[in-house]
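In: Return a 3D structure for these sequence lines:
(one chain, ligands or ions: 2)
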Amino acid sequence: MDSKPLVLAALMVLAASFASYRFFLRLRPMFSAPGIDRLDHIGERLWGLVPNVLLHRRLLMIRYSGILHAMIFSSFIVLFTAIIQAFGSGLIPGFSLAPVGGNSVIALLQDVFAVVILVGVGMAFYNRFVIKPARFKGSNNKDATIILLLITSVVVSMLLEFAFHIAAGNEPSAAWRPLSSAIAKLLVALGFDGERAAEAAHILYWVHVSVILGFLTYIPGSKHLHMFAAIPNIFLRNIGPKGQSRTPDPKAAHIGLSDVRELDWKGMLDLYSCTECGRCQAACPAYAAGLPLSPKILIMNLRDALIGEETAPARPAGAPAAGSNLEALVGSVISEQTLWACTTCRACMDVCPLHIEHVPKIVDMRRHMVEAGHVTPGIQDAMASFQQYGNSFKKPARMRAKWTSGLDFKIKDARKEEVDILWFVGDYASYDPRVQRITQTVARLLRKAGVDFGILYDAEQNSGNDVRRVGDEGLFQTLSEHNIEALAGCSFKRIMTTDPHSLNALRQEYPAQGTSYEVIHYTQLLLELLREGRIEKAANGKVTGVVTYHDPCYLGRYNNGFEPPRQIFAELGYQLHEMGRCRENSFCCGAGGGRIWQDDTGVTERPSENRIREALALGDATIFAVACPKDLVMYTAAVQSLAVEDKIQVKDIAELFA
Ligand code: SF4
Ligand code: SF4
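Out: Numbering: from 1, shown residues only. Ligands and ions are numbered 1, 2, ... in the order given. From the prediction side, this is the model:
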């Protein structure tokens, strides 16, 4: 009796048991993790797999890596038929895929895709060891190398097995296997034919199935767990509003994340899905600024903590802070400095091919720090100002509308009169002297266009968007409740904000408290007015200079407000020269997520200066257009500190109408 099926079955049971045990160890924390609803809108979730998995949309944003991944991914699908063939024929005598093309088309595809995958693996080796992109810094090179060698072994052993069978004259698909046949000719020339070739084919068979089974047992402990986790993780991605934070359970003992096991199961799946590709790290403004935050290493450290494999290798960023007295997660696995470095810009999330959610984890850990009273002096100062004044400028509420005194007309008080547009002005546009002239320009434009608008005067307080991202949930609730109450007493059709952060809070955060306003950004309203002919295209025909435009994170990435600013440039006749990092790939100014209230300790290059250099490198852009009051402040300061005022001017979009 042929012992092959028995031996193979035994090997398979052994490998499957070991692999299952290792998978179980990884999955066990997920069974007891807090729940999260990610099984809604099944159709939308499935449809999203087309661009994100099949078409490699995000992966192809880095073309070389995207192409090599597409080559390996597609080959895996095709070569899976060879795996079925190998195990099927080993277990069941006479098993063959011949009836479905196993000796013809499938055989040809296997040969062709063996070449495709080997070229892809070669490109991956070249990328990792010759090109060495900076984004790989901190990734586990050893693991990646083992995986690439295992893939090579699987494919080479498969090719050699077929070649030896052909050389032995017992391979029915020989005519459809050009590569294997070419290798077979070489083997015959080397004396491998007849019985000798058949014996070698037999050995290669066992090498081939052993490597496959070894691969299977290796995967649960490697970053290639993404082979199993990636598609579920993408399917279970967040398809809700991008700018809506998790509302903590008010009855919970604590609201922050103080232990990695408090992550919900999807948060844990995120950790297992990471391929350590470093795209998030390359996009991160905090990392680029030299701060101790790499979103990739943050995810890797959380994953290592979750699986209890804290090998504590030297990490270039995100290393544990020495001397912190916060237990478990924050201060031990992730340093406080790492968490305070984040601008919540979301660039990491939008480039991640696996749709891993970094920002909610960071905000939840910040919530824990706030609960424990561990905040930076800058944050503490800002929070105290919000508590006392409702703004971060330490200015009384009656000063909020002082900017209106520079106008030769009175703006309606929306608390007393009905208005079409209720303008939620925001802190920087109201209080910062560097921005007030822009706020006045917007007011004049609206007046000129005959817009019926009003403001809340001293009833407006900070929207709380960044307060929430700092992790002070209680203060966010206080600020939002105040504003919601003020708005409830007004009669208006739409709310307009100048500040994209306020836009996000009013449009995406406040609805969780029962509001349902239509909230627009001022660029949207200005575009409408232009198109309706209510604002004269005064600049049209007289425009000089090339414009480049910075997409604010909370207008673009969070609220999809990419088009109105660009359409305004087109309507006004400006020539727009885009920077390489634009739209979803925009590079944060460095002010968001509470960073604007912190000092520059540890910063080697301010993100705003990095951005101005990018604009200058365009060569012809003389106007750096912005659509966010904080951007105006950040970039004006950057232009001054770089001493390039004679080369480029920072202008709010409203100024381009003049
Ligand atoms: S989190 Fe996403 S982008 Fe970052 S390294 Fe992991 S897989 Fe790559
Ligand atoms: S949100 Fe922005 S700053 Fe924070 S980790 Fe992601 S890319 Fe870095």
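In: contacting residues around the closest residue to ligand 1 within the stretch 401-550 of the chain?
Out: Using CB to the nearest ligand atom, the closest approach of the stretch 401-550 of the chain to ligand 1 is made by R469 at 19.2 Å. Bear in mind the C-beta positions are built from the backbone N, C-alpha and C, glycine included. R469 makes contact with 245, 344, 363, 366, 592-594, according to CB atoms under 8 Å, 6 or more residues apart in numbering.
In: Identify the residues contacting V467.
Out: 383, 386, 475-476, 479, 594.
In: Can you lay out the contacts of R469 as a markdown table showing secondary structure?
Out: Shown next, in a markdown table, are the contacts of R469 (DSSP: H, G, I helix; E, B strand; the rest coil):
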| residue | secondary structure |
| --- | --- |
| S245 | coil |
| T344 | coil |
| V363 | helix |
| R366 | helix |
| G592 | coil |
| G593 | coil |
| G594 | coil |
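In: May I see these arranged in CSV, with neighbour count, pLDDT and distance to ligand 2 as well?
Out: Converted to CSV, the contacts of R469 look like this (neighbours: other CB atoms under 10 Å; pLDDT from 0 to 100; distance: CB to the nearest ligand atom, whole Å):
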residue, neighbour count, pLDDT, distance to ligand 2
S245, 22, 96, 13
T344, 29, 98, 5
V363, 22, 98, 10
R366, 29, 97, 11
G592, 25, 95, 8
G593, 31, 95, 7
G594, 26, 95, 11
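In: Buried residues of stretch 360-378, list them for me.
Out: Using 16 or more other CB atoms under 10 Å as the test for burial, stretch 360-378 gives 360-372, 374-376, 378.
In: Just the C-alpha atoms of that stretch, please, in CSV.
Out: The C-alpha trace of stretch 360-378 is given here as CSV (Å, rounded to 0.1, in the frame of the first residue of the first chain):
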residue,chain,number,x,y,z
PRO,A,360,-8.9,56.7,17.3
LYS,A,361,-6.4,54.7,19.2
ILE,A,362,-4.2,57.7,19.8
VAL,A,363,-7.2,59.8,21.0
ASP,A,364,-8.3,57.0,23.3
MET,A,365,-4.9,56.8,24.9
ARG,A,366,-4.9,60.6,25.2
ARG,A,367,-8.2,60.3,27.0
HIS,A,368,-6.5,58.0,29.5
MET,A,369,-3.7,60.6,30.0
VAL,A,370,-6.2,63.4,30.5
GLU,A,371,-8.1,61.2,33.0
ALA,A,372,-4.8,60.5,34.8
GLY,A,373,-3.9,64.2,34.8
HIS,A,374,-0.9,63.7,32.5
VAL,A,375,-1.0,66.5,30.0
THR,A,376,1.7,68.8,28.7
PRO,A,377,1.9,72.4,30.2
GLY,A,378,0.7,73.8,26.9
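In: Can you name the residue of the stretch 501-650 of the chain nearest to ligand 2?
Out: C588 (5.9 Å).
In: Report the central residue of the protein.
Out: M349 (1.3 Å; CA atoms, centre = their mean).
In: can you point me to the longest strand in this structure?
Out: Longest among the strand segments of the chain by residue count, using DSSP state E, is strand 621-626.
In: and that one, which strands flank it?
Out: Partners of strand 621-626 in the sheet, by DSSP bridges, are strand 546-549 (parallel), strand 649-652 (parallel).
In: Name the surrounding residues that touch the last one.
Out: Same thing as strand 649-652. 438, 441, 622-627, 629, 632, 635-636, 639.
In: now it, how far from the chain's geometric center?
Out: Mean-position distance between strand 649-652 and its chain equals 28 Å (CA atoms, centre = their mean, to the nearest Å).
In: what do you get for stretch 81-92?
Out: That offset, for stretch 81-92, works out to 40 Å (CA atoms, centre = their mean).
In: got the buried residues for that stretch?
Out: Applying a neighbour-count criterion of 16+ other CB under 10 Å, the buried positions in stretch 81-92 are 81-82, 85-87, 89-90.
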